[in-house]
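Student: need a 3D model of the sequence below.
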Amino acid sequence: MKRRPGPDAVTFRSLIRERFTRRQVLEAGLALAPLAAGSAGLLQAPLAVADGASALRFRPISGSKDDAIVLPRGYTFDIVARWGEALWSRSPDLDAAKLAAGALLSPDAAAQQRRQFGQSCDAIHFFPLDARGDRAILCVNNEYTQDELMFPGHPGTGGETVRRAVSDYVRKHREVVDVGVAAQGVSVIEVARTKGRWRFVKDSRFNRRITADTPMDVGGPARGAALMKTAADPTGARVLGTFGNCAGGHTPWQTYLTAEENIQDYFGNLEALRARSDVDARIVEAHRRFRMYRNNSLYGWENVLSRFDLPQEPCEPFRFGWIVEIDPHDPTRTPVKKTALGRFAHEGASPTIANDGRVAVYMGDDDKFEHVYKFVSSGKFDAKNPAANRQLLDRGTLYVARFDASGRGQWLPLVHDPKGPLNAAAGFADQGEVLIKARAAASVLGATQMDRPEDVEVNPANGRIYVACTRNEERTAVATEGTYAGRTLDKGPNIANPRGANPWGHIIEIQEAGDDHTALEFHWEVFLLAGDPAGGRLVTNLADLAPGRVSARDAYYAGYTNAADLSPIGSPDNIGFDPAGNLWIVTDGTQPNGNNDGCWVCPTAGPLRGRLQQFMSGPIGGEVCGCCFAPDGETLFLSIQHPGEGGSVLEPRSHWPDGPGTQPRSSVIAVRREGGGTVGS
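Tutor: A predicted model of the protein is given here:
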């Protein structure tokens, strides 16, 4: 197909005019076939999937408050793996019926958990083991532990008073920390499809648990940096463990990328560190943007393990907040922290091969007023020699995004330069420090402050990039100077985050200049402004999405005009794509009508672009994440994380997945059509 002109050949004003013309045509009821081929939306490019992208034929569900998985008629699901199921037959499964009696406070509970499927499952990635995809390896993140759903009498999470109580509980029951270390990280399991149903394979040679104390190597420019060195590792080249693992990604050479996100929750006593006169002031300053806890941490690990106590190991936190590469096919290979990709609250990492063979990796920093990043490798992908790609993510350039009011944007390089903005005078001694303090470097460069940019994914059908911004209640309706994470900033809306007090979140769509993933310029638009299109105002003109012109009651669905066709949504988190290029969204947080979290889908191209419909609803208190398709499109894998959140092990709010009278358990499910077929069709 002949290429249409690249985005730099068209002005922002003409693009808006083109979108408005498209809306008028749709409202007039004119023929849709020409639009499917040539009016895919604001960001113009040829879309070979225009017809397939409108082939979503399931009957959408309504939101639900039930303690159940709700799917459209004709769909079912298999529970693939529950928290606590043993990966090897010689190990016992967790007996969840004994949790209320303190089963996890026994001396052998942590050792057993190291051989069981982990807690709070999040990202999922599918690595086929055969041509049909009936056998595969699943890599599943285990983000954190929901301790009040595991240990009787545990105080849970909360403010300083609750955190003091957590510290007291942990000092009395150190098993809480031992089990927590063992329950987090990554679960690697083999799965198999037999007669259409999915199950995980015990005793597979691929089965593996990676935990918060698994030895790992450090790769890239921050390896050996001064801020990476500790008493236990004076070389700054070897780290124990990974935790806070949220979303992830997979490389073209079939390795898994797990993302370390909210690592600040594990470290305590910043105030005591500040009081030490013998600690380099640069170390204390470098902690500012990660909001370390002044006294007691969220989980209390510092009361048992000295490396989580900031006065004892001031540099330990710098060894976390990275992307970690794992080889799922080789359980003996040591995971590697890829420091060239920067240190921040990584939600995930989405690699793609650029036109010239280099690899670009898109990432979001999941905190309020943080940024969107892209890494571009120096070397090129070698399809014939996978081993040659093992250091591909160690050398290259990390960029951060600036979204301009013109609808254009720029990728700004985070590169140490004695004559540039990121130099010693600005607080960056070398490239290692630039990457360790990527957030501070991005601010120096003037990157756009976003509303919690979580998952950033590349649509394989058209190469466009989609950024899920979950929400930001700290935004103000007008420009207001305020503080957040130790810095003074403007909390008012901006062009890429146009809504003040953004309670529902939004999704940005990016097209690189010339469709080149190594480009330094791009065009962008708001693809979706979440909310309730029936309960408020449905905005249909892109030009109306300007700071100060949209409120919490407004919603926008890529210009789609019929509110009756749309499902309300809030708090978009992880996103994914089916083989046709449809955008699938799972949520983490409040929904407009108080319903449970769930899964939604909409076309990204053609006349039905933006028609968002709800496909699935999760159980009470459960975040829905993962959002990974098998290559044939006939299975959608989802993680149900922390069902029953808000309850306790003595008073559970949810009894999913095992039914009345049982404890809630995070689980991975495989959604499929009854009788087979593509999910969504």
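Student: and residue 227, how close does it get to residue 86?
Tutor: 39 Å (C-beta to C-beta, to the nearest Å). From N, CA and C alone the C-beta is placed, and that goes for glycine too.
Student: what strand or helix carries residue 361?
Tutor: Assessed by DSSP states H and E, residue 361 sits inside strand 358-364.
Student: pairing partners for that strand, with directions?
Tutor: Paired neighbours of strand 358-364 in the sheet (DSSP bridges): strand 350-353 (antiparallel), strand 372-380 (antiparallel).
Student: the more surrounded of residue 227 and residue 86?
Tutor: Applying other C-beta atoms under 10 Å to residue 227 and residue 86 shows that residue 227 carries more neighbours, namely 22 against 18.
Student: skipping adjacent residues, who's closest to the more buried one in space?
Tutor: For residue 227, ignoring the flanking residues on the chain, the nearest one in space by C-beta to C-beta, 6 or more residues apart in numbering is residue 318 at 4.6 Å.
Student: what's the distance between that neighbour and residue 639?
Tutor: Taken as C-beta to C-beta, the span from residue 318 to residue 639 is 29 Å.
Student: ok, residues contacting the following helix or strand past the strand holding residue 361?
Tutor: Toward the C-terminus, strand 358-364 is succeeded by strand 368-370 as the next helix or strand (DSSP H and E). The set of residues external to strand 368-370 that reach it, using C-beta atoms under 8 Å, 6 or more residues apart in numbering, is 344-345, 364, 439, 442, 449-453, 472, 474, 484-485, 489, 491.
Student: cutoff 10 Å now
Tutor: 289, 344-345, 364, 400, 438-439, 442-443, 447-453, 469-475, 482, 484-485, 487, 489-491, 497, 502 (C-beta atoms under 10 Å, 6 or more residues apart in numbering).
Student: neighbours around the residue nearest to residue 227, how many?
Tutor: 28.
Student: likewise the one 4 residues further on?
Tutor: The local packing count at residue 322 equals 30, with neighbours defined by other C-beta under 10 Å.
Student: and what of residue 674?
Tutor: Neighbours of residue 674 (other C-beta under 10 Å): 11.
Student: for it, give its distance to residue 626.
Tutor: Residue 674 is 21 Å from residue 626, by C-beta to C-beta.
Student: now swap in residue 335 and tell me
Tutor: 20 Å.
Student: okay, those two: which has more neighbours?
Tutor: residue 626 (26 against 22).
Student: so that one sits against residue 637, correct?
Tutor: Yes. Using C-beta atoms under 10 Å, residue 626 makes contact with residue 637 at a distance of 5.7 Å.
Student: what's the overlap in contacts for the two?
Tutor: 124-125, 138, 140, 576, 668-669.
Student: in stretch 131-145, which residues are buried?
Tutor: Residues of stretch 131-145 classed as buried by neighbour count (16 or more other C-beta atoms under 10 Å): 133-145.
Student: which residue ranges of the stretch 551-681 of the chain form strands?
Tutor: In the stretch 551-681 of the chain, the strands defined using DSSP state E, counting those that start in this stretch lie at 554-557, 572-577, 583-587, 598-602, 613-617, 623-629, 636-641, 667-673.
Student: average pLDDT for stretch 127-143, rounded please.
Tutor: In this model, stretch 127-143 carries a mean pLDDT of 97.
Student: repeat that for stretch 416-427.
Tutor: The model assigns stretch 416-427 a mean pLDDT of 96.
Student: and it, what's buried?
Tutor: Quick answer for stretch 416-427 (16+ other C-beta under 10 Å): 416, 422-423, 427.
Student: restricting to C-alpha, output that stretch in PDB.
Tutor: Extracted in PDB, the C-alpha atoms of stretch 416-427 (Å, rounded to 0.1, in the frame of the first residue of the first chain):
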ATOM      1  CA  HIS A 416      25.600  13.700  30.500                       C
ATOM      2  CA  ASP A 417      27.500  16.600  28.900                       C
ATOM      3  CA  PRO A 418      30.000  18.900  30.700                       C
ATOM      4  CA  LYS A 419      28.800  21.700  28.400                       C
ATOM      5  CA  GLY A 420      25.100  20.800  28.400                       C
ATOM      6  CA  PRO A 421      22.300  21.000  31.000                       C
ATOM      7  CA  LEU A 422      23.000  17.600  32.600                       C
ATOM      8  CA  ASN A 423      26.400  18.300  34.000                       C
ATOM      9  CA  ALA A 424      28.200  18.200  37.400                       C
ATOM     10  CA  ALA A 425      27.000  21.700  38.300                       C
ATOM     11  CA  ALA A 426      23.400  20.400  37.900                       C
ATOM     12  CA  GLY A 427      24.100  17.500  40.200                       C
END
